[in-house]
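Trainee: here is my input, please return the structure:
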Amino acid sequence: MIVTSNIVNDLNTAFQLINMGTNDKIRQGEQLLQQIRGDIQYPKVLFDYFQAYEISLGLRAAIELKLWFKEYRNFDDYQAQYVQNVVQTIKQHIIRAYIVSEAPLIHQLKDAIVYVASRDFPTQWPTLMADLNQYLTHPDYVYKTLKLIYKLTEKYVYQSRSDPLYEEIIITCDTIHHNLLLLAKSLIQQIEALQNLQLSYEILKTLLKVFYNLNFQDLHPHFEDNLQSWMEFMKVVLRLQPVQGVEQFLFKCKGEALRCVLLYAMKYRDDFGDLIQVFSSEIWNVCTQTSTGRDSDKIVLCALRYFKTLIAWQDMKTFFEQNIKILIESLIIRNLSLSKDEIGMFSDEPQEFIEKFFEQSDLESRRAQAVELFKTVTKHFNQQVNVIIQEYLQAYIQSGMNGIDNEIILINLIIEASTSSFTSKDGTIDIILSQENVLGFYTHCLKPKLGQIFELQQQNQSVEQKFTPIQLAFYCRYLFYFRNVIDKVELPTLATLVSKLQLSKKTTLSNIACYTAYSLINVRQDVKNYANHQLYFENVNISSYLQLILTDCYNNIKQQQKLETYSLKLTNSLITLLKQEIFNAIAALCNLLQDLLKNIKLEYEFQNVHLVFEIIASVVDVCIIAKNSEAANQLQQSILNQLDELLRENKGDVTNFVLQIYSLFLQVQTNASTYYQNLLQNFLEIQNWNESNSSLFQAYIIFFQFGFQGTNLPTTQLQAILKSIVSHSTSSYTELSKFLIKSNSQWTNIVLTIIFEQYQIQQQTQPQISSKSKATHLSQKLINKEVFLLLAHVFTFYGVEVLINECSKISSQLLESFLINELGIIKSISQRNERKLIFTMLSAILFSGQFLTQQSWNLIFQAMVENITLKKRNPLKFMGRVTDREVTSSSGFQPLKPVIARNTSEKLLNDEDKLFSAQFKTYYSNPIVQQQLPIQQLLNQQQQELLSNLIQSV
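Mentor: Below is the predicted model of the structure:
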């Protein structure tokens, strides 16, 4: 099949240029290839070329052939017909070429065949599987053949079932099943005879993967008729004994065999049911022989998933009741101990270890799958599991409670058997293990150990000389999970004891201790009431314990090389709980905050920087609540220079935080100092309000709110600023407008005039909505919603009459025109607080008198009822809360919690739907209104019924 043509010479030249490797030569070669790619003979020439030329040029031709067939699979019918003869010629020879080729050519040819087959098999290439089937019986070619069949059938696993796919699977199974079964039997004979083990294992693994692919969609009659033979083959594979030097190859085969068995158990239960018990015994026997290394992972993971599926089967209940202990010992206990990887992670990767330790973030590890299986076992066989754990507990106590590994496994068993419901925030809530076991371990095992730790701490002796850091970490894990079960009277003492461990030189243990102490002092009053977030120790005086923990935090932070998240969280929580008790240690706190601010300059990490400023804000907030200006001034004097340095560095996030701290300091001072007055004057400069600084606007505004308290606002400058940020279309104009309007009612008209001028400009320049302008349109709607919210804030501050009058001063029809233009917002508004504000305002406007024309009244009324109807249909959509536009990245504004609390002055509103219904009920009770208002024309039947039900409920 040799082609004589100038194209061969051009191809040879192009490949030689590309192989030279320089940019210019490669570019020349690619240009020459581009010129000849359109030739109808191009793929045929490539096929001949790689067989005739030396390897470097031949490989380039094979790659080009693969790429051509990659494009061919997407040809339309006309293109495919045009090259049909050339492709047909190649298909007659490409299987043989593949079989006799070696790496690296064979990999390119394998991909090329898969691409052709994806378009042509079986209709345009009916002989493909028959051609491959003949090589399955040839010892020299069987491995290559199986590798290609595997690639061809791989799609059977991930493609959705369809008639063409099903037809292809049937043809494939009909053609190759017989030889596959013969191959399976001969492979076992070779392996048992120890013949060429490594290659035999590789062939066996590939055969099992092909078996999985062929059986994934449906059970073909050939496989069903030979089910016993195939399952006997799987049992033999699972029973094969490892031979030194090639164990890892056998483990991979057993993993694939387990995957096949699991497939049958899950998908073909009726056919496979009688064999389940047999395979269950085989599987846990295999698992007891595996090592803890990663080469055995596939076997163990498949086994864990297999039993998790079977545990829930009712007809398997008796079997598992009789074998539950074997299952726990062979599969679960073996995988709950610490692996070498976890020990290494404890030393070198604290953050990743803690995430897995508390939050179980490793979803695909042996341990994670063992935990999932154990939870399922405990759920279905609770009584038996309780008995087994009690036996382990008694055996551990009788052994003198020695052996760290046994202790860790027992802790893990109790935790995982108990935590059917768990959140890292609240600890274990619903315990499905008996409290006798949970508290039994705590009372008889853990408490004595904690007593020893306490004695060592009191004597200022090293705890880690008697207890390993990992051992101490697991004690913390137990307390963390069961803090809602342990008597709350004991929690402060436990938190104090655990807190001492944060002084460990092991970063992981230090962080775990902080996280555990934090969880112990932040238990909720009622952990099962998700609406009640009140902390238990907010109303219980444990200040002596908290002060000891705060001292530990102080010493820990002093010794740290960098900011640590968990110690910062604990410190902030302690300040919040201690409240005015912190004034007893204000000098030490000032020292601590100086160190924290110093560390910010050494290493910037957003979450930790945020926590540092939350701590400062919490301290200042306590000063504000206690009206302790002396403590606030002492704190301010100690850190003002550092804050000023950070402000001058002009880093977006840090600048936001510093200005928020300044706003809190201003609230505890009678008059703004010269420093703050100078800052205020600086921030009034219009150049600070350009669009590139938009992430700082919120912080500027918060600083203004408290900096200008008790003084006359600079009207001209603030008007210019408002006009500037309104023209930028940033949402910050709402916050500035609220501040101005609230400060003095005279600002209402000024603000509304500026806002509606920009609104009119936007309306006139708004583009026609198309697919290309949807994003712009969405942004426009969000801006218009901000105008809506601003009107609602005017109503909240001053009432409906002031709102109507101020809008009328600008234009007589302004408010009515705006409401009609934005009916879409009324219909769709769903965020909870925004909806409350807007609906309360609209109810007042609708039912306050004759402000609106009847047509406008009808349209707004319809829009509100449509929104209420949508809420009834999809209540979850209306559960969202406005969070003051909190963002957690460096690109936006992140408010500090005390600042949020002090900047939220709006009164809470009642249920806006009931308010609307009650006002409508009163309004509609007027006979004249009943005659004039065509309810049946305005609302459909469903909306009328909904409105009627709402009226009856008020």
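Trainee: pLDDT wise, what is Leu842 at?
Mentor: What the model reports as pLDDT for Leu842 is 91.
Trainee: before we move on, what about Phe878?
Mentor: pLDDT, Phe878: 58.
Trainee: try Ile542
Mentor: For Ile542, the predicted pLDDT is 89.
Trainee: for Pro469, what are its contacts?
Mentor: Pro469 sits next to 346, 504, 506, 508-509 when contact means Cβ atoms under 8 Å, 6 or more residues apart in numbering. Using the backbone N, CA and C atoms, a C-beta is placed for each residue, glycine as well.
Trainee: report the contact partners of Glu154.
Mentor: Asn213.
Trainee: quick one: it from Ser812, how far?
Mentor: Relative to Ser812, Glu154 is positioned 72 Å away (Cβ to Cβ, to the nearest Å).
Trainee: can you check Ile397 too?
Mentor: 87 Å.
Trainee: top of the contacts of Pro469 by neighbour count?
Mentor: Leu509 (24 neighbours; other Cβ atoms under 10 Å).
Trainee: tell me which other helices or strands the host helix or strand of it touches.
Mentor: Counting by DSSP states H and E, the element that carries Leu509 is helix 507-521. Judged by 3 or more Cβ pairs under 8 Å, 6 or more residues apart in numbering; DSSP states H and E, helix 507-521 is in contact with helix 350-359, helix 469-481, helix 491-500, helix 543-559, helix 565-578.
Trainee: what is the mean pLDDT for the second one?
Mentor: Pointing back at helix 469-481 there. Here the average pLDDT along helix 469-481 is 94.
Trainee: now do the contacts for Asn712.
Mentor: Asn712 touches nothing, counting by Cβ under 8 Å, 6+ apart.
Trainee: quick check, it in a helix?
Mentor: No - judged by DSSP: H, G, I helix; E, B strand; the rest coil, Asn712 forms no part of a helix; its state is coil.
Trainee: and it, how far is that from Leu718?
Mentor: Here Asn712 is placed at a distance of 11 Å from Leu718 (Cβ to Cβ).
Trainee: per-residue pLDDT, Leu363?
Mentor: Confidence at Leu363, expressed as pLDDT, is 63.
Trainee: so for Ile397 and Ser812, which sits in the more crowded spot?
Mentor: Comparing Ile397 with Ser812 by other Cβ under 10 Å, the one with more neighbours is Ile397, at 13 against 10.
Trainee: look up how far Gly440 lies from the more buried one.
Mentor: 9 Å.
Trainee: so which residues of the stretch 1-150 of the chain form helices?
Mentor: For the stretch 1-150 of the chain, applying DSSP state H, counting those that start in this stretch gives helices covering 6-20, 23-36, 42-52, 55-72, 77-82, 84-100, 105-120, 128-135, 142-153.
Trainee: save these as TSV, and put in mean neighbour count and distance to Ile453 too.
Mentor: Compiled in TSV, these are given as follows (neighbours: other Cβ atoms under 10 Å; distance: least, Cβ to Cβ, whole Å):
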stretch	mean neighbour count	distance to Ile453
helix 6-20	17	69
helix 23-36	14	67
helix 42-52	21	72
helix 55-72	19	65
helix 77-82	11	76
helix 84-100	16	67
helix 105-120	20	60
helix 128-135	19	67
helix 142-153	21	56
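Trainee: and those: which comes nearest Glu167?
Mentor: Taking Cβ to Cβ, helix 128-135 is the member of the helices of the stretch 1-150 of the chain nearest to Glu167, at 12.5 Å.
Trainee: can you list contacts of the closest one?
Mentor: Helix 128-135 is contacted from outside by 91, 95, 99, 117, 121-122, 141-142, 144-145, 148-149, 152, 171-172, 175-176, 179, using Cβ under 8 Å, 6+ apart.
Trainee: ditto for stretch 923-939
Mentor: For stretch 923-939, the surrounding residues in contact (Cβ under 8 Å, 6+ apart) are 846-847, 854, 858, 861-862, 865, 944, 947.
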